[in-house]
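Provide a 3D model corresponding to the input given below.
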Amino acid sequence: MSLARLEQHGKTLVIINSNASRRGALSPELYAVINEALGRAQDPNIRAIIFASEGGFFCSGGDLNALQNRAGLNLEERREKIQELHDIASGLRSAPVPIIAAVEGGAAGAGLSLALACDMIVASAGAKFTASYVKAGVVPDGGLTSALARMLPRQLVSEMCLLARSVTAERLADLGVINAISSDPMADAMALADEFAKGPRKAQGIIKGLVGKGYESSEDEQLNAEREAMIRAVADTEAQIGIAAFLNKETPEYP
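Numbering: from 1, shown residues only. Predicted structure coming up:
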């Protein structure tokens, strides 16, 4: 039985983590499916990606049996294993289309890292988010401390990372980390994907990149990046369609 698969629904790719017996633990199959989705997202007909799971839990992070076996590897081999996860997280952040995490049950460890690498999160009521690394005597990876530090106060990040205390979807929604609490995260994520599909794909990709840079750039650097993006965007076909539709009080139809 496959531990992950990729489906296409119209203009949306859906990554499905189907490792239900291990609460959605990371697997080589999941990495392969995510990389396939990121590659196919270069197709202009693809407008969004949804990252979801089966079995009632989004992703419990690294397989502890596999992590235990890594102790026998040399330093460079261990570095390569972690780099695989980091490349996945970077790929999610830099993909040319919006990525929505549809989180059932919760996310833990590297599963939380991957959820936070997505552009939006729709979570089931009562879902729990846990930086569980310290429970196993290891430390966060996958960009978790970077993401949490940008999104949350230091005191809460310390509570999550040093004590591995779970934070509910409702609390994270109040703090702006989660976009919506849903009785059906997959359906609501698909509705968001359909909304993205009606918008200007190229502009959405540029905006996604600017938002990502905004957390790391100085104000002057960000102003320069916005200027360079805008001088190109305003002459693009998307802008011509969008501006004309706005002035004529019509709904734009992007190619």
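
mind checking how far the worst-scoring helix or strand of the chain on mean pLDDT is from the chain centre?
Every helix and strand of the chain was ranked by mean pLDDT, DSSP states H and E. The lowest is helix 64-69, at a mean of 86. Relative to its chain's centre, helix 64-69 lies at 25 Å (Cα atoms, centre = their mean, to the nearest Å).

The chain should start at 16 in everything you say after this.
Understood, numbering begins at 16; the last thing we discussed is helix 79-84.

All the helices of the protein, in order from the start?
Here the chain has its helices, by DSSP state H, at 43-55, 79-84, 90-109, 125-132, 159-166, 169-178, 184-189, 200-212, 216-229, 234-248, 252-262.

Reformat the ones you listed as a markdown table; add mean neighbour count.
C-beta here means a position set from N, CA and C on the backbone, and glycine is covered the same way. Formatted as a markdown table, those follow (neighbours: other Cβ atoms under 10 Å):
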| stretch | mean neighbour count |
| --- | --- |
| helix 43-55 | 18 |
| helix 79-84 | 12 |
| helix 90-109 | 14 |
| helix 125-132 | 27 |
| helix 159-166 | 18 |
| helix 169-178 | 14 |
| helix 184-189 | 17 |
| helix 200-212 | 19 |
| helix 216-229 | 16 |
| helix 234-248 | 12 |
| helix 252-262 | 13 |
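
Where among those is average confidence lowest?
By mean pLDDT, the lowest-scoring of these turns out to be helix 79-84, with a mean of 86.

Pull the residues that contact it.
151, 153 (Cβ atoms under 8 Å, 6 or more residues apart in numbering).

show me what contacts residue 256?
For residue 256, counting by Cβ under 8 Å, 6+ apart, the contacting residues are 215, 267-270.

Quick check: ChimeraX command selecting the buried ones in those residues.
To isolate the buried members of the contacts of residue 256 in ChimeraX, using 16 or more other Cβ atoms under 10 Å:
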select :215,267,269
